[in-house]
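S.K.: sequence and predicted structure, then a few things I'm wondering about:
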Amino acid sequence: MIDESLMARIVSLDPADRLDLIAAVWDSLSPNDLPVTDAEKALLDARLADMESNPDDQSTWPEVKTRLERLLR
């Protein structure tokens with residue numbers, strides 16, 4: 001658990017500083033620190049298999065970005 005006095009200091013920070021702290025903590029984690037469930041692994045395996053069996057159904061990053069920008073207008 002996080003020490004109560006430390007948590008009180010964190011909560012007293014302004015929102016921008018709290019966001020900076022969140023980013024710093026997140027960046028300190030390695031991929032091995034993040035658990036992946038069996039269900040998530042199965043989903044990733046299924047998506048990879050679909051991608052490999054249907055290579056023409058894929059979109060490039062610029063295509064995806066353009067679609068997202070249109071949706072967000």
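M.R.: Good, I have the coordinates.

S.K.: from now on I want contacts and neighbour counts done on CA atoms only, so please keep to that.
M.R.: Will do.

S.K.: so which residue is dead centre in this structure?
M.R.: Nearest residue to the geometric centre of the chain (Cα atoms, centre = their mean): residue 26, 9.9 Å.

S.K.: what helix or strand is that residue on?
M.R.: Taking DSSP states H and E as the definition, one finds residue 26 inside helix 15-27.

S.K.: just the residues contacting the helix or strand following that helix, thanks.
M.R.: The C-terminal neighbour of helix 15-27 among helices and strands, as given by DSSP H and E, is helix 38-53. Here helix 38-53 makes contact (Cα atoms under 8 Å, 6 or more residues apart in numbering) with 57, 58.

S.K.: what's the distance between helix 38-53 and the middle of its chain?
M.R.: Taking Cα atoms, centre = their mean, to the nearest Å, the mean C-alpha location of helix 38-53 is offset from the chain mean by 18 Å.

S.K.: could you do stretch 26-36 as well?
M.R.: Counting by Cα atoms, centre = their mean, stretch 26-36 is centred 11 Å from the centre of its parent chain.

S.K.: show residues contacting that stretch.
M.R.: The set of residues external to stretch 26-36 that reach it, using Cα under 8 Å, 6+ apart, is empty.

S.K.: could you export it as CSV, CA atoms only?
M.R.: The C-alpha coordinates for stretch 26-36 follow below in CSV (Å, rounded to 0.1, in the frame of the first residue of the first chain):
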residue,chain,number,x,y,z
TRP,A,26,3.9,4.6,-16.1
ASP,A,27,7.2,5.1,-18.0
SER,A,28,9.1,3.4,-15.1
LEU,A,29,7.3,0.1,-15.8
SER,A,30,8.8,-2.4,-18.2
PRO,A,31,6.6,-4.6,-20.4
ASN,A,32,7.3,-7.5,-18.1
ASP,A,33,5.7,-5.6,-15.2
LEU,A,34,2.3,-5.5,-16.9
PRO,A,35,0.3,-8.7,-16.6
VAL,A,36,-1.4,-10.1,-19.6
